[in-house]
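Chemist: The following comprises the amino acid sequence and a computationally predicted model.
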Amino acid sequence: MNRYRPENKNGKERKLMKLIFQNVSKSYGKNKALQGFSATLTPGIYALMGPNGSGKSTLVNILTGNLSSDSGDIYYSENEDNPENILNMGVRFREKLGFMPQYPGYYPNFSVERFLYYIAAIKDIDKKEADKQIADILKRVELEDVRKRPIRTLSGGMKQRLGLSQAVLGSPKILILDEPTAGLDPKQRIEIRNYISEIALDKIVLLATHVVSDVEFTAKEIIMLRKGQIIAFDSAAALVKTTEGKVWNITCSHDEVAQLQKKYHVTNINAEDDGVKLRVLHDGKPTETAAEVMPTLEDYYLSIFGADEVSDKII
């Protein structure tokens, strides 16, 4: 795990803001949605990944106070040695949160601008500061030109960017983003990723997503969940390294594709003029002509969750 601790101007170790989960569990009847989740987060982006039903939403809802855990505790400290239980902090902790749910609720007749001023009032941001922040945020998320438009007239991608805008308003210490790039085109997705990376320098960002490409090069560490349990918690580079020597390209004819799919874990099929190229996950060289290729985080994900559990189309 990342052990980097920056120094202050005097050369002394600077105490980091921390969010500490200790054995947090939650069940719905016999279904164990979260089992003994423990982690210590410091400023940076943490990707929360796993198939549907892995416990991502449960964890997010517990952290935001929308759901109570059955057991375990969550602590927060800000440049202090003694973390405080967030339940004891109450409103003081919620004021530090910025939350973008997967399906944000809006007042459809509000304009973009009016909605953000409404959120600013809820967050107790004074008018002068709200003016400054809203103007900057709308420019960064490319909503400046539609600030007067009613929300009901916005496209899905615009609404997604508005959801991110209200989450970052007020410069929260902890930012929780659930599928923040859903519905965005490739250009917007890259710009939003860069924006999140920039503001994450002094925040703890917990980003829940199915889209591997959104976090492979931006996340400080990846938290992989399966059935409510952490099965991996490390940097993307460290996780990808575990699949070295296990990813191959096989060039074959169209007639051979079905047979090879039955025999090997095929993760991608690419038709070319001279045949078909298959990307295969396999512990050893699958065929004599197979060529080893560099793995990606998606290859790692597929190796533990299966081909049906990851896609840039799953949003």
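Modeler: Alright, I've got the coordinates. Numbers count the residues shown, from 1 in each chain.
Chemist: Surely A200 is within a helix?
Modeler: Yes: using DSSP: H, G, I helix; E, B strand; the rest coil, the assignment for A200 is a helix.
Chemist: Go ahead and report the secondary structure state at the closest residue in space to it that isn't next to it in sequence.
Modeler: Leaving out its chain neighbours, the residue that sits closest to A200 by Cβ to Cβ, 6 or more residues apart in numbering is I45, at 4.9 Å. C-beta here means a position set from N, CA and C on the backbone, and glycine is covered the same way. Put simply, I45 is strand when judged by three-state DSSP.
Chemist: any idea how far L143 is from I45?
Modeler: The gap separating I45 from L143 is 22 Å, by Cβ to Cβ, to the nearest Å.
Chemist: quick one, which of the two is more surrounded?
Modeler: For I45 and L143, the more surrounded residue by other Cβ atoms under 10 Å is I45, and the numbers stand at 25 against 22.
Chemist: didn't that one look like it was pressed against V215?
Modeler: Yes: with contact defined as Cβ atoms under 8 Å, I45 counts as touching V215 (7.1 Å).
Chemist: Between those two, which contacts overlap?
Modeler: The contact sets of I45 and V215 overlap at L207 (Cβ atoms under 8 Å, 6 or more residues apart in numbering).
Chemist: contacting residues for the residue minimising distance to the centre of the chain?
Modeler: With distances taken as Cα atoms, centre = their mean, L207 lies nearest the centre of the chain, 2.4 Å away. By Cβ under 8 Å, 6+ apart, the contact set of L207 is I45, Y46, A47, L48, L177, P180, I196, D214, V215, A219.
Chemist: residues near the fourth one, how many?
Modeler: Counted with other Cβ under 10 Å, the neighbours of L48 add up to 24.
Chemist: Report the beta-bridge partners for it.
Modeler: The partner list for L48 in beta bridges (DSSP bridges) reads A208, I223.
Chemist: Give me the distance between the residue nearest to the centre of the chain and L87.
Modeler: According to Cβ to Cβ, L207 stands 24 Å off from L87.
Chemist: ok so, going back, the closest residue to the residue nearest to the centre of the chain other than its chain neighbours bridge partners, please.
Modeler: Excluding its sequence neighbours, the residue lying closest to L207 (Cβ to Cβ, 6+ apart) is L177, at 4.8 Å. Here L177 sits in beta bridges with M100, L207, as judged by DSSP bridges.
Chemist: Count the residues that sit near L177.
Modeler: 26.
Chemist: again with P150
Modeler: P150, neighbours per other Cβ under 10 Å, totals 16.
Chemist: Can you list phi and psi of it for me?
Modeler: Main-chain torsions, P150, degrees, to the nearest 10: phi -60, psi 140.
Chemist: For it, name its beta-bridge partners.
Modeler: Residues in a beta bridge with P150, per DSSP bridges, are S111.
Chemist: list the contacts for it?
Modeler: Shown in contact with P150 (Cβ under 8 Å, 6+ apart): P108, N109, F110, S111.
Chemist: Secondary structure element for the first one, which one?
Modeler: Spelled out, that is P108. Per DSSP states H and E, P108 falls between elements, in no helix or strand.
Chemist: any idea how far I137 is from it?
Modeler: Distance of P108 to I137, given as Cβ to Cβ: 21 Å.
Chemist: Compare the two (neighbour count), which wins?
Modeler: A direct count of neighbours by other Cβ under 10 Å for P108 and I137 places I137 higher, at 22 against 11.
Chemist: I'd like to know how far the more buried one sits from E144.
Modeler: 9 Å.
Chemist: Also P104?
Modeler: For P104, the distance to E144 (Cβ to Cβ) stands at 19 Å.
Chemist: S111 too?
Modeler: For S111, the distance to E144 equals 13 Å [Cβ to Cβ].
Chemist: And for K56?
Modeler: From K56 to E144 the distance is 32 Å (Cβ to Cβ).
Chemist: That's all I had, so thanks and see you.
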